[in-house]
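J.: below is the structure, and that's it, no one-letter string:
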């Protein structure tokens, strides 16, 4: 390791065929370059350069060292430059768009973990249940729950959306446990209103692998899924909710899955981005990060 600097000085001289030019390139004096080269020659016990007042050339040993060491030094330099450029690419803003509940419950933890590794990456997160035109709004990555986005974007599925019927322990204690779908009609339920039409959506039921629809006696209806989740947690009624949004509540026992026919896997969580040829490193890294984390989470369940 002590010969790294003398070797660097020798390679600079051999490339420039000039002590003066090598000194300028290395940011030192010509005397320092000459001293370093002499130190390398003494260490090797070999003469590397023929030096006269007007001429400089490599000896046979010097040529051999130059050919073998110069290529390795260039590879090392390229590796360092590549790392520096990569680090510079991992700084800046990533603009995201997502539905409210997906952004709050899924994206925020992912952003937090990603920033713990890449603190120089910042995020703009636009939350809206309306479909977002990522090209017009200059969004780097969009997220949506439902069906795959249009064909003019690159779409990647992050996982399945599984609907489940659930209730809080407090509700079950107060009103009892519905045993089947028919029993459900005598219970208090929550409903979800379509954000665009305002109409109440029927519950989806899986009967022998076929999806059918039923209407339930809803005592409270919402056009915001977070509000409906809170209502079910407060024991206002039984709800059919997306399993990925209530993962924490199910694990803690705050909500309990009931009536197996209400478990319907049909839609998905999608990440999409424009078909541009060059994606910034930080954006590409976050795309791969989300794919890895979401896929692992799905496999663990």
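T.: Thanks, I have the structure now. Note that the structure is predicted; figures quoted are calculated from it, not measured.
J.: rounded mean pLDDT for the helix or strand in which residue 173 is found, please.
T.: Assigned by DSSP states H and E, residue 173 falls within helix 169-175. Across helix 169-175, pLDDT averages out at 96.
J.: how far away is residue 43 from residue 281?
T.: From residue 43 across to residue 281, the span is 41 Å (CB to CB, to the nearest Å). (C-beta placed from N, C-alpha, C; glycine too.)
J.: between those two, who's got more neighbours?
T.: Taking other CB atoms under 10 Å, residue 43 and residue 281 do not tie; residue 281 has more neighbours (16 against 12).
J.: the more buried one against residue 91, yeah?
T.: No - between residue 281 and residue 91 there is no contact under CB atoms under 8 Å: 9.5 Å.
J.: now for residue 217, how many residues are close by?
T.: Per other CB under 10 Å, the neighbour tally for residue 217 reads 13.
J.: and what of residue 139?
T.: 21.
J.: what of residue 31?
T.: Number of residues near residue 31 (other CB under 10 Å) recorded here: 10.
J.: flag every buried residue along the helix holding residue 173.
T.: By neighbour count with 16 or more other CB atoms under 10 Å, helix 169-175 contains the buried residues residue 171.
J.: how far off centre is that helix?
T.: Chain-centre distance of helix 169-175: 40 Å, with CA atoms, centre = their mean, to the nearest Å.
J.: so which residues make contact with it?
T.: 187-188, 232, 234-238, 253-254, 256 (CB atoms under 8 Å, 6 or more residues apart in numbering).
J.: hmm, try it at 6 Å
T.: Applying CB atoms under 6 Å, 6 or more residues apart in numbering, the contact partners of helix 169-175 are residue 235.
J.: moving C-terminal from that helix, which element do we reach first?
T.: Using DSSP H and E, the next helix or strand after helix 169-175 towards the C-terminus is helix 181-184.
J.: now that next one: mean pLDDT?
T.: Per-region confidence: helix 181-184 scores 90 on mean pLDDT.
J.: which other helices and strands does it contact?
T.: Contacts defined by 3 or more CB pairs under 6 Å, 6 or more residues apart in numbering; DSSP states H and E place helix 181-184 against no helix or strand at all.
J.: which of the residues in it are buried?
T.: Using 16+ other CB under 10 Å as the test for burial, helix 181-184 gives 181, 184.
J.: equivalent analysis for stretch 94-105, please.
T.: 94-99, 101-105.
J.: also stretch 242-262?
T.: Residues of stretch 242-262 classed as buried: 242-246, 249, 255-256, 258-259, 261-262 (neighbour count, 16+ other CB under 10 Å).
J.: please apply the same query to stretch 118-128.
T.: Across stretch 118-128, burial judged by 16+ other CB under 10 Å covers 118, 121, 123, 127.
J.: leaving out the residues flanking it, which one is nearest to the second one?
T.: Pointing back at residue 121 there. Computed as CB to CB, 6 or more residues apart in numbering, the closest residue to residue 121 that is not its neighbour in sequence is residue 282, at 5.0 Å.
J.: give me the element the closest residue to residue 225 other than its chain neighbours is part of.
T.: Closest residue in space to residue 225, ignoring its immediate chain neighbours: residue 101 at 4.5 Å, by CB to CB, 6+ apart. Secondary structure assignment for residue 101, by DSSP H and E: helix 100-102.
J.: and the next element down the chain from that helix?
T.: That would be, after helix 100-102 and using DSSP H and E, helix 108-117.
J.: list the buried residues of that following helix.
T.: 110-111, 114.
J.: over to stretch 39-58?
T.: Buried residues in stretch 39-58, counted by 16+ other CB under 10 Å: 39-41, 44, 48-49, 58.
J.: any chance of CSV for these, columns secondary structure and distance to residue 162?
T.: CSV is the format used below for those (DSSP: H, G, I helix; E, B strand; the rest coil; distance: CB to CB, whole Å):
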residue, secondary structure, distance to residue 162
39, helix, 70
40, helix, 68
41, helix, 73
44, helix, 69
48, coil, 71
49, strand, 74
58, strand, 71
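J.: from these, which is closest to residue 72?
T.: Set against residue 72, the nearest of these by CB to CB is residue 40 (15.3 Å).
J.: test my guess that the closest one contacts residue 10.
T.: Yes - in this structure residue 40 lies within contact range of residue 10 using CB atoms under 6 Å: 5.4 Å.
J.: how's this structure carved up into domains?
T.: Per automatic domain parsing, the structural domains of the chain span 4-88, 92-160+267-300, 161-266.
J.: what's the least confident stretch among the ones you listed?
T.: domain 4-88 (a mean of 79).
J.: closest one of the buried residues of stretch 242-262 to residue 22?
T.: Of all these, residue 22 sits closest to residue 244, with 61.9 Å by CB to CB.
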